[in-house]
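S.K.: What shape does this take:
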Amino acid sequence: MSDLWADDLKGRVTLLSGLDEAFALLMQADGVDITKWRADDFHRVCDQVEKQVRRGQIRRFTGNDYIKDLASGDVLACQAYSGDVIQLQADNPDIRFVVPEEGAELWAESLMIPDLARHKANAEKLVDYYYEPEVAAELAAWVNYVCPVPAAQDVLASSKDKDTAALA
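M.R.: You can find the predicted model right below:
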């Protein structure tokens, strides 16, 4: 992670705006066990980030909008989602996803329906649809993230497209 603070990247670095994502990675880089962090750990990383902002190292804090800056070359290094980077590589093979030496995080998204949702049955049908192996395989091939549907692996493996089959 210390590579982000290199002088030749000044003004061309972005960090994710979500504290849960950005700071967990930065705390790991600071040697913190993120399963047992304390307020002092958090404040120390805040101070480090503030220092980088003051010196102009960090261009800005982003959500998924870092994609435009990375694709245009306005950003040379950033915290990014692996699936986004894989998709960007289709247009620019020089863009790389690198896991920091200090480690990274594995995230999962959950489909949830509020208990008192008015259209709960429709929402459940949508969830069921996304869990059909063919649909799950198509989605996994598009977003390049780990698929939670085991049977989708067989669908991917049987694809005539070698890159899609390799995802299995």
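S.K.: contacts and neighbour counts: CA atoms only from here.
M.R.: OK.
S.K.: any idea where the strands of this protein begin and end?
M.R.: For the chain, the strands defined by DSSP state E occupy 13-16, 58-62, 77-78.
S.K.: What are the buried residues along the second one?
M.R.: What that stands for is strand 58-62. Residues of strand 58-62 classed as buried by neighbour count (16 or more other CA atoms under 10 Å): 58-62.
S.K.: between these, which is nearest Asp115?
M.R.: Checking these against Asp115 with CA to CA, the nearest one is Thr62 at 31.8 Å.
S.K.: Just confirm that closest one contacts Thr14, I think it does.
M.R.: Yes: with contacts counted by CA atoms under 8 Å, Thr62 reaches Thr14, the gap being 6.7 Å.
S.K.: will you turn the strands of the chain into TSV that also has mean pLDDT?
M.R.: Shown next, in TSV, are the strands of the chain (pLDDT from 0 to 100):
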stretch	mean pLDDT
strand 13-16	95
strand 58-62	95
strand 77-78	94
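S.K.: Could you point out which of those sits nearest His43?
M.R.: Nearest of the strands of the chain (CA to CA): strand 13-16, 16.9 Å.
S.K.: just to revisit the earlier point, out of the strands of the chain, which comes closest to Leu111?
M.R.: Of all these, strand 13-16 sits nearest to Leu111, with 22.6 Å by CA to CA.
S.K.: Against Glu124, how distant is the most far-flung residue of the chain relative to its centre?
M.R.: Using CA atoms, centre = their mean, the residue of the chain lying farthest from its centre is Arg118. It sits 31.8 Å away. Arg118 sits at a distance of 12 Å from Glu124 (criterion: CA to CA, to the nearest Å).
S.K.: Give me the longest helix you can find in the protein.
M.R.: Across the chain, the longest stretch assigned as helix under DSSP state H is helix 39-54.
S.K.: mind listing what's buried in that helix?
M.R.: Going by 16+ other CA under 10 Å, helix 39-54 has these buried residues: 41-42, 45, 49, 52.
S.K.: Check stretch 114-128 too.
M.R.: Ala123.
S.K.: pLDDT on that stretch, on average?
M.R.: Across stretch 114-128, the average pLDDT comes to 94.
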